[in-house]
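J.: just to be clear, the model below is a prediction. Sequence and coordinates:
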Amino acid sequence: MNYSTMKLRTLVERVIEGDERAKEEFERRWGIPWEQVGTVPISIDKSQRD
């Protein structure tokens, strides 16, 4: 199974089910520890455009 190309939803579902490799890939891809998910608010300023 290739975790590096897995869609985010599938990856998160596997983490919730206890898959450690999926957890490691999530943390690598997003740069945050799984334990911090949902603890830090994220806002996107829609007026900013690149």
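T.: Alright, I've got the coordinates. Residues are numbered from 1 along each chain as shown.
J.: mind naming the longest helix for the protein?
T.: Longest helix of the chain, by residue count under DSSP state H: helix 20-30.
J.: buried set for that one?
T.: Residues of helix 20-30 classed as buried: 22-23, 25-27 (neighbour count, 16 or more other Cβ atoms under 10 Å). Every C-beta, even on glycine, is put in place using the N, C-alpha and C of the backbone.
J.: what of stretch 3-12?
T.: For stretch 3-12, the neighbour count (16+ other Cβ under 10 Å) marks 3, 6, 11-12 as buried.
J.: gap between the two ends of it?
T.: 11 Å (Cα to Cα, to the nearest Å).
J.: dump the residue contacts of Met6.
T.: Taking Cβ atoms under 8 Å, 6 or more residues apart in numbering, we find Met6 in contact with 14, 22, 25.
J.: just to revisit the earlier point, and for the longest helix of the chain, what's in contact with it?
T.: With Cβ under 8 Å, 6+ apart, helix 20-30 has contacts from 3-4, 6, 11-12, 14-15, 33-34.
J.: pLDDT wise, what is Asp45 at?
T.: Asp45 carries a pLDDT value of 64.
J.: residue ranges with poor pLDDT in the chain?
T.: 40-50 (pLDDT under 70).
J.: which stretches of it form helices?
T.: All helices of the chain, identified by DSSP H, fall at 8-16, 20-30.
J.: what angle separates the longest one from helix 8-16?
T.: Which is helix 20-30. Interaxial angle, helix 20-30 versus helix 8-16 (axes from the mean of the first three to the mean of the last three Cα atoms, to 10 degrees): 130 degrees.
J.: residue numbering should commence at 24 henceforth.
T.: Sounds good: first residue 24 from here, last item helix 43-53.
J.: gap between helix 43-53 and the chain center?
T.: Relative to the centre of its chain, helix 43-53 is centred 7 Å away, using Cα atoms, centre = their mean, to the nearest Å.
J.: CA atoms of that helix as CSV?
T.: Output in CSV follows, covering the C-alpha atoms of helix 43-53 (Å, rounded to 0.1, in the frame of the first residue of the first chain):
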residue,chain,number,x,y,z
GLU,A,43,0.7,3.7,12.6
ARG,A,44,2.2,3.9,9.1
ALA,A,45,-0.7,6.1,8.1
LYS,A,46,-0.1,8.3,11.1
GLU,A,47,3.5,8.7,10.3
GLU,A,48,2.6,9.6,6.7
PHE,A,49,0.0,12.2,7.8
GLU,A,50,2.6,13.8,10.1
ARG,A,51,5.2,13.9,7.4
ARG,A,52,2.9,15.3,4.8
TRP,A,53,1.3,18.0,6.9
